[in-house]
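Participant: got a structure for you, letters missing:
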């Protein structure tokens, strides 16, 4: 699955930076994703990104993993789909930006989890106030009435 993201991220990087783009490796992509997860774990949502790399108040693990400039460039270029065919897919697929990746994720979940006869499935509304044109849902019976329904 990461190979898809790596391929499309390098395509985007090449289209933005041309010859100055240095092809990123799977290790660098893993590092960037790992730092995003770490930032979430330490609840740095409202913190300035550069503070995480700061000499005085930053977190050493961020600085030791990858430079702030490399991290920002990877975040700018990260892509989960083929930009060349995006508009064509958007006509029929609401989640065209992530559908290939999401479908692989679902397939992997099916391969690795076999439900038992005693299983309960319920809907979940993930609270979301941002822009989500085609997937945002209103359910008046939920505490958070607007969100993305799973």
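Facilitator: Thanks, I have it. Everything numeric in this text was worked out from a predicted model, so none of it was measured.
Participant: Tell me where the protein has strands.
Facilitator: In the chain, strands defined by DSSP state E lie at 125-127, 136-138, 146-149, listed in chain order.
Participant: Identify each buried residue in the first one, please.
Facilitator: In terms of neighbour count (16 or more other Cβ atoms under 10 Å), strand 125-127 has its buried residues at residue 125. No exception for glycine: its C-beta is placed from N, CA and C like everyone else's.
Participant: returning to that earlier point: most tightly surrounded among the strands of the chain?
Facilitator: Counting by mean count of other Cβ atoms under 10 Å, strand 146-149 has the highest mean neighbour count of the strands of the chain, with a mean of 16.
Participant: and that one, how far out from the chain's middle?
Facilitator: How far strand 146-149 lies from its chain's middle: 18 Å, per Cα atoms, centre = their mean, to the nearest Å.
Participant: Paired strands for it, with orientation please.
Facilitator: Sheet pairing of strand 146-149 (DSSP bridges) gives strand 125-127 (antiparallel), strand 136-138 (antiparallel).
Participant: show me what contacts the residue lying closest to residue 52 once chain neighbours are set aside?
Facilitator: Spatial nearest neighbour of residue 52, chain neighbours left out: residue 62 (4.6 Å); criterion: Cβ to Cβ, 6 or more residues apart in numbering. Counting by Cβ atoms under 8 Å, 6 or more residues apart in numbering, residue 62 makes contact with 35, 38, 52-53, 68, 71.
Participant: same check, this time on residue 123
Facilitator: Residues near residue 123 by Cβ under 8 Å, 6+ apart: 149-150.
Participant: can I see the domain layout of this structure?
Facilitator: Using automatic domain parsing, the domain ranges for the chain come out as 2-79, 121-150.
Participant: Return the set of residues that bridge with the residue nearest to residue 142 when sequence neighbours are not counted.
Facilitator: Excluding the flanking residues, the one nearest residue 142 by Cβ to Cβ, 6+ apart is residue 125, at 4.8 Å. For residue 125, the beta-bridge partners under DSSP bridges are residue 149.
Participant: Check what pLDDT residue 125 gets.
Facilitator: Listed pLDDT for residue 125 reads 75.
Participant: which residues does it contact?
Facilitator: 137, 139, 142, 144, 147-150.
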